[in-house]
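Asks: sequence and predicted structure are below.
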Amino acid sequence: MAGRGVRVAGGVARGVPLVEPRGVRLRPTSGLVREAIFNILGNAVEDARVLDLYAGTGALGIEALSRGAAHATFVEGEAACTEAILQSLARTGLGERATVLRGRIPAALARLEGPFDLIFMDPPYDDPAKEEVLAGLAPLLAPGGRVVFEHGSRYNPPVRPRGLQLLERRTYGDTAVALYSHLEGE
């Protein structure tokens, strides 16, 4: 079914509605927050290798592809979501530059081959493993790369998870976004 407002916000696929899976409760990143994330990232998206963890509808990774990313890998545990991502990639014409993996996080991280220039992480806000997952991303991150961690605005993300350092945090209503890079000297 076509998205009730989940559309690509910019780039070559701007305005294309994304497929939303049936029977799965998701909290897709709002258009406002997606636009803010990509404004912060600017030119870092062009030709980037992107990893979209807890992909859901795939909105973040598809947005990156639409804005010039070279390749995006989507990781999602729900079969209905992976099917929806594949349909959205076909609908946008961006499927040739994407890989969709079905797997539960954090276990699925072992199947990934980095490095990635951008890693999007949008776990369920109540996921008890989110800090463990964040602390395991440094080996997958390319030099100069960024991790974009979306979380609830009342949650205080770690400043220095293993191998990473918090660069900035911005709040948009109930949602906040933390940007990380490699810890200097590592």
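Replies: Perfect, thanks for sending it. Keep in mind the model is a prediction, meaning the values are calculated, not measured. Residues are numbered from 1 along each chain as shown.
Asks: please name the residues that touch the residue nearest the centre of the chain.
Replies: The geometric centre of the chain, computed from its C-alpha atoms, lies nearest to residue 120 (Cα atoms, centre = their mean), at 2.8 Å. When contacts are counted by Cβ atoms under 8 Å, 6 or more residues apart in numbering, residue 120 touches 50-53, 60-61, 64, 148, 150. For the C-beta atoms, the positions are set from N, CA and C on the backbone; glycine is no exception.
Asks: run the last query once more with 10 Å
Replies: Applying Cβ atoms under 10 Å, 6 or more residues apart in numbering, we find residue 120 in contact with 29, 34, 37, 50-55, 59-61, 63-64, 72, 74, 146-150, 177.
Asks: strand partners (parallel or antiparallel) of the helix or strand that contains it?
Replies: Element membership for residue 120, per DSSP states H and E: strand 116-121. Partners of strand 116-121 in the sheet, by DSSP bridges, are strand 49-53 (parallel), strand 141-152 (parallel).
Asks: could the ones you listed be laid out in TSV, adding mean neighbour count, distance to residue 15 and mean pLDDT?
Replies: Converted to TSV, those look like this (neighbours: other Cβ atoms under 10 Å; distance: least, Cβ to Cβ, whole Å; pLDDT from 0 to 100):
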stretch	mean neighbour count	distance to residue 15	mean pLDDT
strand 49-53	27	20	98
strand 141-152	19	23	96
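Asks: who does the closest residue to residue 169 other than its chain neighbours bridge with?
Replies: Counting by Cβ to Cβ, 6 or more residues apart in numbering, residue 169 lies nearest to residue 178, which is 4.6 Å off, once chain neighbours are set aside. The residues listed as beta-bridge partners of residue 178 by DSSP bridges are residue 149, residue 169.
Asks: count the residues that sit near residue 178.
Replies: Applying the criterion other Cβ atoms under 10 Å, we find 23 residues in the vicinity of residue 178.
Asks: pretty sure it contacts residue 148?
Replies: Yes: counting by Cβ atoms under 10 Å, a contact exists between residue 178 and residue 148, whose distance comes to 7.8 Å.
Asks: make a markdown table out of the strands paired with strand 116-121 and add distance to residue 162.
Replies: Below are the strands paired with strand 116-121 laid out as a markdown table (distance: least, Cβ to Cβ, whole Å):
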| stretch | distance to residue 162 |
| --- | --- |
| strand 49-53 | 16 |
| strand 141-152 | 12 |
